[in-house]
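> My questions are about this predicted structure, shown below with the sequence.
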Amino acid sequence: MTNQNVMVPETKSGINMAITVAVSNSSMFTTAAQKPPAVPGSYITISKKKLLQNLDINGGARINAWVDSMRASSPTHIKSPALSEDLNSWIVHHPSALDMFEQITNASKGKQIVMFLDYDGTLSPIVDDPDRAFMSDAMRATVYSFVRLAELYYAGSHGMDIKGPSKGSKYKKGAQSLLCQPASEFLPMVDEVYKTLLEVTKSTPGAKVENNKFCVSVHFRCVDEKKWVELAQQVRTVLKEYPKLRLTQGRKVLEIRPTIKWDKGKALEFLLESLGYANCTDVFPVYIGDDRTDEDAFKVLRDRGQGFGILVSKIPKDTNASYSLQEPSEVMAFLRRLVDWNRMSLRRHFRMRRRLEEIKMSLPN
Ligand SMILES: O=P(O)(O)OC[C@H]1O[C@H](O[C@H]2O[C@H](CO)[C@@H](O)[C@H](O)[C@H]2O)[C@H](O)[C@@H](O)[C@@H]1O
């Protein structure tokens, strides 16, 4: 394994996107990546276009629609028979990455796999308190064995805060330098909104406002659902004063961020370029994420026709990901299998090389 990059935070503080792990550079085989087709949004989720309309704070947003959409993205009860029927047909188009492991590794043969990992809901389970969203020891060990931390890149604030290894510091653990902060001019504004939202939402029991540096998250998870509309209204009222900020929505969370054209898809492209893979045909990016904002990265991969996305979800969702995994424990199982597969292919590769050497040596000059 070479070129191994990963974010393994001790705590999650300020990080909501973990990037990147590169494994496997065995260059023995080359096959094209094969991806199942995208499926139109026929499930319980709202299409992206509709969602953006709903979140358009200047155009008179339909708050109830945000709230419904938030409920659908992270439902409390998921066992209805209709939903399991939906799940069965959805899984046909977004098969489990574990079940499709062989097809996935076959598609990546001869290519450099670059792994992009979201954090919340992907490496760590979703928990009530965002400050307590830790990776389990087993997950941490898996990620370590995956990359052995030769180098480290991470991106926080939906890819708006990207750091990577300092030049010349390959072996100096923790040495990080800033690679990209496309929204730095928004820092004071975001901070101001954070403080205002803290104040304004005080009246709503369970509401939590999180400062993610270049974006602010307002958490609904611990708020009584009857109060969701009221809380969303509070957020909208504050946002009306900030036309340069926009609202997106995640799993029981509303996110306030700069209107700049930057998202996790752009961050993924930026990182591929920084890693020197911009125009490489022998690179195989895999992005694993669970939330709406990860869709931008899934879409980039689908549009590039390179690698694929894996959506972590127990429920059918309108997605550009090709495969699915149900929860972080399955993400861990998938990463473990990849580690084992990579070790085996390297062993096979070296065995073959040795054998070739032996044959060469045994030939008469
Ligand atoms: O799109 P992401 O990069 O995954 O960020 C979305 C939000 O992720 C985190 O919140 C989510 O995880 C929390 C901890 O498990 C959970 O309490 C919350 O309900 C989830 O939405 C993060 O804390 C937020 O800042 C991000 O906006």
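Here it is on my side, so go on. Remember, it's a predicted structure, so these values are computed and weren't measured experimentally.
> now the helix or strand containing residue 162: mean pLDDT?
Here residue 162, judged by DSSP states H and E, is contained in strand 161-165. Average pLDDT, strand 161-165: 82.
> and it, how far out from the chain's middle?
16 Å (Cα atoms, centre = their mean, to the nearest Å).
> ditto for stretch 123-134
15 Å.
> What residues does this protein have near the ligand?
Contact residues (Cβ under 6 Å from any ligand atom) of the chain with the ligand: 16-17, 118, 120-121, 126-128, 130, 133, 158, 210, 212, 217, 219, 221, 250-253, 255, 291, 293. Every residue, glycine included, has its C-beta placed from N, CA and C.
> Recalculate using a threshold of 5 Å.
Residues of the chain lying close to the ligand (Cβ under 5 Å from any ligand atom) are 16-17, 120, 126-127, 130, 133, 210, 217, 221, 250-253, 255, 291, 293.
> what about burial for those, which qualify?
The neighbour-count criterion (16 or more other Cβ atoms under 10 Å) marks 16-17, 120, 126, 130, 133, 210, 217, 221, 250-253, 255, 291, 293 among the residues of the chain next to the ligand as buried.
> Quick one: end-to-end distance for stretch 219-230.
Terminal residues of stretch 219-230 are spaced 13 Å apart (Cα to Cα, to the nearest Å).
> tell me which residues of it are tucked away?
Neighbour counts over stretch 219-230 (16+ other Cβ under 10 Å) mark 219, 220, 221, 223, 227, 228, 230 as buried.
> Please report the number of neighbouring residues for the residue nearest to residue 302 when sequence neighbours are not counted.
Spatial nearest neighbour of residue 302, chain neighbours left out: residue 320 (5.0 Å); criterion: Cβ to Cβ, 6 or more residues apart in numbering. Other residues near residue 320 number 23, with proximity taken as other Cβ atoms under 10 Å.
> Could you tell me the backbone phi and psi angles at residue 320?
phi -100, psi 0 (degrees, to the nearest 10).
> Show the pLDDT at it.
If you check residue 320, the pLDDT there is 97.
> Confirm for me that it is in contact with residue 294.
No. Residue 320 is beyond contact range of residue 294, at 9.2 Å (criterion: Cβ atoms under 8 Å).
> what touches both of these two?
Shared contacts of residue 320 and residue 294, defined by Cβ atoms under 8 Å, 6 or more residues apart in numbering, comprise residue 309.
> Which of the buried ones among the residues of the chain next to the ligand sits closest to residue 271?
For these, the minimum distance to residue 271 (Cβ to Cβ) is 10.3 Å, reached by residue 17.
> picking that back up, in contact with the residue nearest to residue 302: list those residues for me.
Residue 320 is in contact with 38, 295, 298, 299, 301, 302, 309, counting by Cβ under 8 Å, 6+ apart.
> what about the stretch 1-150 of the chain, any weak spots by pLDDT?
The stretch 1-150 of the chain contains residues with pLDDT under 70 at 1-62, 76-83, 147-150.
> Neighbours of residue 104, how many?
Neighbour count of residue 104, defined by other Cβ under 10 Å: 27.
> Could you do residue 312 as well?
Using other Cβ under 10 Å, the number of residues around residue 312 comes to 24.
> Now do the nearest residue to it once chain neighbours are set aside against residue 100, distance only.
Leaving aside its chain neighbours, residue 312 sits nearest to residue 290 (3.8 Å; criterion: Cβ to Cβ, 6+ apart). For residue 290, the distance to residue 100 equals 18 Å [Cβ to Cβ, to the nearest Å].
> Name the residue in those two with the higher neighbour count.
Legend: neighbour count by other Cβ under 10 Å for residue 290 and residue 100, higher for residue 290 (28 against 20).
> got a list of what the more buried one touches?
Neighbours of residue 290 in contact, by Cβ under 8 Å, 6+ apart: 118, 120, 121, 122, 251, 311, 312, 313.
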